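>>> My questions concern the predicted model and sequence given below.
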Amino acid sequence: MTRAGFEYVLGKHVGKAAKSCASLRDRRVSPHQLRHGCAVVMLQAIRDVLKVALWLGHADIRTTEVYLRMDPSEKLKAVEAVPPELRRGRFKAPDALIASLLSDLEAPAQSDRVRT
């Protein structure tokens, strides 16, 4: 199968899946994204970066080491840890936090004045 043929078949299946999965409607899914996703899953399963590099055909192990920092479960935990009211829109720090930060900035400046 050619690259163009695979892209065509993938596009057909993504289009079909988008009918029932709204998050796919405005996304472009490429064979390269599938390759990355598969590599991350493989690395989680076998925990051997050398085997994943060999399977991907990477000439340099440093190219594959990027996947060591891409644990989707850790990213999901980080996103879920953010309170829902802070997930969208701009962050507005509470006044107490701003006052605390400003006092920390002013304290060293005052101590410098005392020394001179």
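Sure thing, it's come through.

>>> Can you classify H58 as helix, strand or coil?
Judged by DSSP: H, G, I helix; E, B strand; the rest coil, the three-state class of H58 is coil.

>>> where in the protein is pLDDT low?
Flagging of the chain using pLDDT under 70 yields the residue ranges 71-79, 82, 84-93, 107-116.

>>> just the helices in it please.
Along the chain, the stretches classed as helices by DSSP state H are 3-18, 31-46, 49-56, 61-64, 72-81, 84-87, 95-115.

>>> so of those helices, which one's packed in deepest?
Per-stretch averages of neighbours, counted by mean count of other CB atoms under 10 Å, single out helix 49-56 among the helices of the chain, with a mean of 16. For the C-beta atoms, the positions are set from N, CA and C on the backbone; glycine is no exception.

>>> Serialize the helices of the chain to a markdown table and add fields for distance to R25.
Listed next are these as a markdown table, based on distance: least, CB to CB, whole Å:
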| stretch | distance to R25 |
| --- | --- |
| helix 3-18 | 5 |
| helix 31-46 | 16 |
| helix 49-56 | 30 |
| helix 61-64 | 32 |
| helix 72-81 | 21 |
| helix 84-87 | 21 |
| helix 95-115 | 39 |
